[in-house]
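**Student:** okay, structure incoming, though there's no sequence with it:
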């Protein structure tokens, strides 16, 4: 069984339980969210993170929004509360498209419900939204497993695999995306070695991915981000597999800062580069990578580290959370639906049809 | 005046004063070395670092070796003490060639002195060695300035410059190598912007280079190592300038881990890539980069950060201190003698002749 990063506890009156990823691997602490604002804060500060996980968490956030209404509230109060919660949640992370996908899906479903049952009690809407969030959760678990099954063929026995950031169970409701590929290959008994970029500034690779792989019994070695090219040069990497936060319809993929450089280095060394992500990561409104908004994060993430100053006072810092890898440098995009080899607009459209 | 990372205080009975670079930029602490073992420890733990600085420090280390001998000691005791100190110093950092260059130069000079003055008192040898170390120091100051003067033409007004690790005054006796180029361009009144890779694992870029540039009034922005490619993609970098720790006679250059990746990324984006280093960085015994020994450093440098655990217990770590950039990816090597454009074995030989 995979690590459960997100868990709803109880029925419609319950709460969302998250593994506080800011504290891993030093401490394993669970965080309870029973209010939307708490959840928004948890997403913003990366207590919960990873594109699929944020989508699932946001869906449950809309369930929380309805719990706070008093007994006199009606469906219109419910829709207003959902709209307000959606605004709060949508403002947390601008790049992860799954967030918007989940919010839009649940909101649309709420409006459909109200249109079909205009005289229903608010409690019924609440149950309906809860069922929707639960469905998104369960679909994510399925989706993660399928991504792994679709991608494991790309891991050859004895291979050295490089991954960046965390696209594992901690980034999803299920067993993750890029790491799911590794988990499924491992399940088949393949032996391979995974090199994990530590992934500055927030070190999700060193802190989270290394921990997840270790828990699963997979051979893992942590490196600093700037060592990846040198490993490739020495022939130690046979494939790069990462997740994605948003993919344009031409196949350009936004993922954690540093992924772009890896794609160039992989091409230079003749190493295949794979993206593993749910099909909901495709943003149909975005034609190419240059149009994907890139979140800029606080300077302190770079200039301080666990409270220790590492750059001089007043030094400027540039801290984009993501970069965009071009479709031409992606060997294949692995989704729950299958594999898009050498992605382009035509193949993506066919895949999503 | 540049920051003085290394300073001999007093005459032949004096001591070596170092800025303790492990504590920058948080604390500005000076470290006194009056014994060889202290200095070896300081070099090993990177209190003093940077290829030219290590060379100068090691030369003074041989002066310290003679100070400890008692009044009855003769020239043979002196040579024995020098040999012992040389072994200790040579074992500190295997990649920096300037270290071996300085040790060999002083040792040879000591043997020449003893051959020429077999009846001299030990004190005379001590003075001779001190004069040698002082000469290496003064030559380094001159050399640094000339490197800057030879290279500043490569910084165009308005340019964005990327540098990696620290090749500044903190890495030399003088004003550094790669940073000297920037200091000289700044002196000429050119405006430009420097992006500094933080340079994991020991963050010499964020801690030292950003601080030095800030002190000099140069516009500096700190980035994480994995952001460099994305900056290049956005057209913000017009040149990459780094130092080197050892250069093969074909022009392949070993420098801080991460430099190799930058050279590939720079080529991909059509950005010139410069190495600034004293001509003593060339190792005439080494024909190509693959023959340069690469120092592996402790796993804890990666898995812990200022005492905080960032990778899970027991996770393997790969921590090479250096990598090798191929001559074909170097636009020019800038030394105190001039510039070697598109370096190769023939041009290097001519440059050093």
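**Tutor:** Nice, thanks for sending it over. Remember, it's a predicted structure, so these values are computed and weren't measured experimentally.
**Student:** give me the neighbour count for residue A:125.
**Tutor:** Counted with other CB atoms under 10 Å in any protein chain shown, the neighbours of residue A:125 add up to 25. (Each C-beta comes from the backbone N, C-alpha and C, glycine too.)
**Student:** list the contacts of it.
**Tutor:** The contact partners of residue A:125, taken as CB atoms under 8 Å, 6 or more residues apart in numbering or on different chains, are A:66, A:75, A:78, A:110, A:113, A:114.
**Student:** next one: residue A:35
**Tutor:** Taking CB under 8 Å, 6+ apart as the contact definition, residue A:35 lies against A:64, A:68.
**Student:** so how far is chain B from residue A:261?
**Tutor:** Computed with CB to the nearest CB, to the nearest Å, the distance linking residue A:261 and chain B is 3 Å.
**Student:** related to what we said a few turns ago, export the contacts of residue A:125 to JSON lines and tack on distance to residue A:263 and secondary structure?
**Tutor:** As requested, the contacts of residue A:125 are exported to JSON lines (distance: CB to CB, whole Å; DSSP: H, G, I helix; E, B strand; the rest coil):
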{"residue": "A:66", "distance to residue A:263": "42", "secondary structure": "helix"}
{"residue": "A:75", "distance to residue A:263": "48", "secondary structure": "helix"}
{"residue": "A:78", "distance to residue A:263": "45", "secondary structure": "helix"}
{"residue": "A:110", "distance to residue A:263": "39", "secondary structure": "helix"}
{"residue": "A:113", "distance to residue A:263": "43", "secondary structure": "helix"}
{"residue": "A:114", "distance to residue A:263": "45", "secondary structure": "helix"}
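**Student:** who touches the helix or strand harbouring residue A:333?
**Tutor:** With elements delineated by DSSP states H and E, residue A:333 resides in strand A:332-335, which encompasses its position. By CB under 8 Å, 6+ apart, the residues outside strand A:332-335 that reach it are A:147, A:150-151, A:154, A:177, A:181, A:244, A:247, A:251, A:253, A:272, A:274-279, A:281, A:339-343, A:348, A:351.
**Student:** which among those count as buried?
**Tutor:** With neighbours counted using 16 or more other CB atoms under 10 Å in any protein chain shown, the contacts of strand A:332-335 contain these buried positions: A:147, A:150-151, A:154, A:177, A:181, A:244, A:247, A:251, A:253, A:272, A:274-279, A:281, A:339-340, A:343, A:348, A:351.
**Student:** the lowest-mean-pLDDT helix or strand in chain A: partners in the sheet, and parallel or antiparallel?
**Tutor:** Among the secondary structure pieces of chain A, namely its helices and strands, strand A:304-305 has the lowest mean (mean pLDDT, DSSP states H and E), a mean of 82. Based on DSSP bridges, the pairing partners of strand A:304-305 within the sheet are strand A:308-309 (antiparallel).
**Student:** got the residue ranges for the helices in chain A?
**Tutor:** Under the criterion DSSP state H, chain A carries helices at the ranges A:36-44, A:51-67, A:75-90, A:97-116, A:122-151, A:178-187, A:204, A:210-215, A:228-233, A:259-268, A:300-303, A:345-352.
**Student:** what does the domain assignment say about chain A?
**Tutor:** Described in terms of automatic domain parsing, the domain architecture of chain A consists of the residue ranges A:6-146, A:154-352.
**Student:** deepest-packed of these, please.
**Tutor:** For the domains of chain A, ranked by mean neighbour count under the definition mean count of other CB atoms under 10 Å in any protein chain shown, the leader is domain A:154-352 at a mean of 22.
**Student:** re earlier: with distance to residue B:263 added, can I get the domains of chain A in JSON lines?
**Tutor:** Converted to JSON lines, these look like this (distance: least, CB to CB, whole Å):
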{"stretch": "domain A:6-146", "distance to residue B:263": "29"}
{"stretch": "domain A:154-352", "distance to residue B:263": "9"}
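**Student:** right, so of the ones you listed, which gets closest to residue B:212?
**Tutor:** In terms of CB to CB, the element of those nearest to residue B:212 is domain A:154-352, at 9.3 Å.
**Student:** off-centre distance for the closest one?
**Tutor:** The offset between the C-alpha centroid of domain A:154-352 and the centroid of the whole chain comes to 11 Å, using CA atoms, centre = their mean, to the nearest Å.
**Student:** quote the end-to-end distance of it.
**Tutor:** For domain A:154-352, the first and last residues are 22 Å from each other (CA to CA, to the nearest Å).
**Student:** equivalent analysis for stretch A:336-347, please.
**Tutor:** Stretch A:336-347 has an end-to-end distance of 15 Å (criterion: CA to CA).
**Student:** what lies in contact with it?
**Tutor:** Applying CB under 8 Å, 6+ apart, the contact partners of stretch A:336-347 are A:142-144, A:146-147, A:150-151, A:249-251, A:278-279, A:287, A:327, A:330-333, A:348, A:351-352.
**Student:** now do the contacts for residue A:192.
**Tutor:** By CB under 8 Å, 6+ apart, the residues touching residue A:192 are A:155, A:156, A:157, A:158, A:159, A:160, A:161, A:182, A:185, A:186, A:218, A:219.
**Student:** any chance of the residues you listed in TSV, with pLDDT too?
**Tutor:** Shown next, in TSV, are the contacts of residue A:192 (pLDDT from 0 to 100):
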residue	pLDDT
A:155	98
A:156	98
A:157	98
A:158	98
A:159	98
A:160	98
A:161	98
A:182	98
A:185	98
A:186	98
A:218	97
A:219	97
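**Student:** out of those, who's near chain B?
**Tutor:** Of the entries in the contacts of residue A:192, those that also sit close to chain B under the rule CB under 8 Å from any CB of the partner chain are residue A:219.
**Student:** which of the contacts of residue A:192 fall within strands?
**Tutor:** Residues of the contacts of residue A:192 located in strands (DSSP state E): A:160, A:161, A:219.
**Student:** need these in JSON lines (columns: distance to residue A:300).
**Tutor:** JSON lines is the format used below for these (distance: CB to CB, whole Å):
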{"residue": "A:160", "distance to residue A:300": "35"}
{"residue": "A:161", "distance to residue A:300": "32"}
{"residue": "A:219", "distance to residue A:300": "35"}
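**Student:** contact residues of the stretch 151-300 of chain A facing chain B?
**Tutor:** With CB under 8 Å from any CB as the criterion, the stretch 151-300 of chain A comes near chain B at residues A:164, A:195, A:197-201, A:203, A:206-207, A:210-211, A:214, A:219-231, A:233, A:257-258, A:260-261, A:264-265, A:268.
**Student:** if we use 7 Å, what do you get?
**Tutor:** Taking CB under 7 Å from any CB of the partner chain as the contact definition, the stretch 151-300 of chain A meets chain B at A:198, A:200-201, A:203, A:206-207, A:210-211, A:214, A:220-230, A:233, A:257-258, A:260-261, A:264-265, A:268.
**Student:** residue A:97 and chain B, how far apart?
**Tutor:** With distances taken as CB to the nearest CB, residue A:97 is found 19 Å from chain B.
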